[in-house]
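J.: Okay, here's the prediction I keep looking at, along with the sequence it came from:
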Amino acid sequence: MPTAQDTQTNNPVDIDQFINNDRIKACIEKLKNRFGDNYEQLIVSDTLDKDGHQYVNLVQKGGGVLGIALVGYTYI
């Protein structure tokens, strides 16, 4: 299971601990209040298709092994 580092104790934190953290819950609630439950009010692009999907171009420079790493990075 993926883990993150707790910034206060520098100990590993699993996903469930992270998601159930009160500070994280408060942050998510704040985002939902600002942008809607499904983030429907979040606008990141002026390019929309007929279904209302937003599109953003991403340009990265690199080839070979760097290019493969950037594809993985973009996927995540």
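T.: Yes, it's here.

J.: where does the chain have its least confident helix or strand?
T.: Within the chain, no helix or strand scores below strand 3-5, which has a mean of 58 by mean pLDDT, DSSP states H and E.

J.: residue farthest from the centroid of the protein?
T.: Within the chain, the residue lying farthest from the chain centre (C-alpha atoms, centre = their mean) is Gly64, at 26.1 Å.

J.: starting at the chain centroid, how far to the strand or helix carrying Leu70?
T.: Taking DSSP states H and E as the definition, Leu70 sits inside helix 64-75. Centroid separation between helix 64-75 and its chain, computed with C-alpha atoms, centre = their mean, to the nearest Å, is 17 Å.

J.: what helices or strands is the lengthiest helix in the chain leaning on?
T.: For the chain, the longest helix by residue count, based on DSSP state H, is helix 22-35. Using 3 or more C-beta pairs under 8 Å, 6 or more residues apart in numbering; DSSP states H and E as the contact test, no helix or strand touches helix 22-35. Where you see a C-beta, it was placed from the backbone N, CA and C, and this is true even at glycine.

J.: how distant is that helix from the center of its chain?
T.: Counting by C-alpha atoms, centre = their mean, helix 22-35 is centred 14 Å from the centre of its parent chain.

J.: So Asn38 lies in a strand, does it not?
T.: No: read with DSSP: H, G, I helix; E, B strand; the rest coil, Asn38 is coil and lies in no strand.

J.: about what we covered before: following element in sequence after the least confident helix or strand of the chain, please.
T.: Following strand 3-5 toward the C-terminus (DSSP H and E): strand 12-14.

J.: ok, that following strand: who's next to it in the sheet?
T.: Neighbouring strands of strand 12-14 in its sheet, by DSSP bridges, are strand 3-5 (antiparallel).
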